[in-house]
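Visitor: okay, predicted coordinates and the sequence, questions at the end:
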Amino acid sequence: MTDSAEGRTPTVIADDVHLTYKISGRYAKRGGAAALARTIMRQSTPGLREVHAVRGVSFTAWEGDAIGLIGPNGSGKSTLLRGIAGLLTPSAGAVYTRGDPALLGVNAALISTMSGERNITLGGLAMGMTPEEVAASFDDICEFAGIGEFIALPMNAYSSGMGARLRFAIAASKAHDILMIDEALATGDAEFRRRSERRIKELRDQAGTVFLVSHSLGVVRETCNRAIWLEKGQLVMDGATDEVLDAYEEKHDPQKAARRREDQRRQAEEAAKQQAAGVRATG
Ligand SMILES: Nc1ncnc2c1ncn2[C@@H]1O[C@H](COP(=O)(O)OP(=O)(O)OP(=O)(O)O)[C@@H](O)[C@H]1O
């Protein structure tokens, strides 16, 4: 499956995807208010409430793409990742993937009562590595996570940042066809972020596709070639990172956008001055 125009291979196709959560409990009570709530929310089953989190999203991701998913809280970013990973079945539309998607989220399934060391082994095996491959990457994973002696302690003794670092280190040790990272980088310090950004670039170079959910526009600018902007479960914009992030900033942080425009104007002015000085010096 290759796009003949550009010779690139699509890895994920989302075709008008809708993702819905069904929650029970809160409206299960009998009584007038609950019945009224059900009528308003067009519920057919008493006690079941639906949250329509992703509403008709379509895009195609390609090999080598690193796509930042941006949007305000509750806009459906994590839900869309779960849909791509196959953890949620679309209520309408479809997701097609080429290769195995691996979702690295804050809730990635490591076992909190076991040590970091043990989780490296289990996580590696769960990702389909052989025991030899796990043994070969063990030291690199420990070093990448950079949590020192904590690696020998059970993970429930870790701070949330340490846990996120270890999860990232384990997931990123293997080349994935499609790697999805949910906010993992937000919890690391500057040095860890730099290491992670380098690793994401390597994974892209190995022709994988990376999706990154992050509230840090800086991380998305540094890491991604493309961005998808979601708002209330719908796709607002999909395109080159700078273009999408500039438009997002105009809407959600106009002051910052104005400062950025001013900086760009100054830089352009400075570059023009230097070019003119260079022309005079050589002329
Ligand atoms: N497990 C769940 N059960 C029910 N509703 C959920 C569940 N997870 C998310 N939602 C709802 O789905 C919508 C989208 O949530 P989602 O977590 O995908 O957004 P997000 O853009 O990732 O948000 P954030 O930036 O805050 O992490 C929200 O209205 C949220 O309340």
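Guide: Looks like it came in fine.
Visitor: now do the SS call for E270.
Guide: Classification of E270 using DSSP: H, G, I helix; E, B strand; the rest coil returns helix.
Visitor: just the helices in the protein please.
Guide: When secondary structure is read from DSSP state H, the chain shows helices at 32-40, 77-85, 116-126, 131-145, 160-172, 190-205, 217-223, 241-252, 254-282.
Visitor: do you know how far the residue lying closest to S78 once chain neighbours are set aside is from the ligand?
Guide: The shortest distance from S78 to any residue that is not its chain neighbour, by C-beta to C-beta, 6 or more residues apart in numbering, is 5.6 Å, and that residue is D182. Placement of C-beta: from N, CA and C, glycine included. Counting by C-beta to the nearest ligand atom, to the nearest Å, the gap between D182 and the ligand amounts to 8 Å.
Visitor: next one: L153
Guide: Using C-beta to the nearest ligand atom, we find L153 at a distance of 28 Å from the ligand.
Visitor: residue contacts, the nearest residue to A145 once chain neighbours are set aside?
Guide: Here the nearest residue to A145 in space, its sequence neighbours aside, is A169; by C-beta to C-beta, 6+ apart that works out to 3.9 Å. By C-beta atoms under 8 Å, 6 or more residues apart in numbering, the contact list for A169 reads 141-142, 144-145.
Visitor: for those, which one is nearest Y21?
Guide: Each of the contacts of A169 was scored against Y21 by C-beta to C-beta, and A145 proved nearest at 32.0 Å.
Visitor: so for that closest one, what pLDDT did the model give?
Guide: Taken from the predicted model, the pLDDT recorded for A145 is 90.
Visitor: need the max-distance pair from the contacts of A169.
Guide: Among the contacts of A169, the pair separated by the greatest distance (C-beta to C-beta) is C142 and F144, at 7.4 Å.
Visitor: flag every residue of the stretch 1-150 of the chain that's near the ligand.
Guide: 21, 23, 51, 53, 71, 73-79 (C-beta under 6 Å from any ligand atom).
Visitor: most neighbours, which of these?
Guide: Neighbour tally across these (other C-beta atoms under 10 Å): the maximum, 27 neighbours, falls on K77.
Visitor: my guess is that residue contacts L230. True?
Guide: Yes. Under the criterion of C-beta atoms under 8 Å, K77 is in contact with L230, at a separation of 5.8 Å.
Visitor: common neighbours of those two, please.
Guide: Overlap between the contact sets of K77 and L230, as judged by C-beta under 8 Å, 6+ apart, is given by 69-71.
Visitor: re earlier: how close does the residue nearest to A145 sit to the ligand?
Guide: Plainly put, A169 is 22 Å away from the ligand if you go by C-beta to the nearest ligand atom.
Visitor: related to what we said a few turns ago, which among the shared contacts of K77 and L230 gets closest to R226?
Guide: Distance to R226, by C-beta to C-beta, is smallest for L69 among these, at 10.2 Å.
Visitor: now do the same contact list for the closest one.
Guide: L69 makes contact with 77, 80-81, 211-214, 227-228, 230 under the criterion C-beta under 8 Å, 6+ apart.
Visitor: please redo it, this time with the cut-off set to 6 Å
Guide: L69 is in contact with 77, 213, 228, counting by C-beta atoms under 6 Å, 6 or more residues apart in numbering.
Visitor: distance of it relative to G146?
Guide: Using C-beta to C-beta, to the nearest Å, we find L69 at a distance of 26 Å from G146.
Visitor: same deal with A277?
Guide: 45 Å.
Visitor: what's the answer for R165, then?
Guide: Here the criterion is C-beta to C-beta. By it, R165 lies 7 Å from G146.
Visitor: of those two, who's got more company?
Guide: Neighbours per residue (other C-beta under 10 Å) separate R165 from G146, with R165 holding more: 26 against 17.
Visitor: the more buried one contacts F144, correct?
Guide: No. With contacts defined as C-beta atoms under 6 Å, R165 does not count as touching F144, sitting 8.0 Å away.
Visitor: where are the low-confidence patches of the chain?
Guide: Confidence mapping of the chain against pLDDT under 70 gives the ranges 1-6, 25-46, 104-109, 183-188, 207, 282-283.
Visitor: you'd agree the residue nearest to S78 is up against L212?
Guide: No. Contact between D182 and L212 fails when scored by C-beta under 6 Å: they sit 8.3 Å apart.
Visitor: looking at the two, which is more packed in?
Guide: Here D182 and L212 are set side by side on neighbour count (other C-beta under 10 Å), and the busier one is L212, at 28 against 24.
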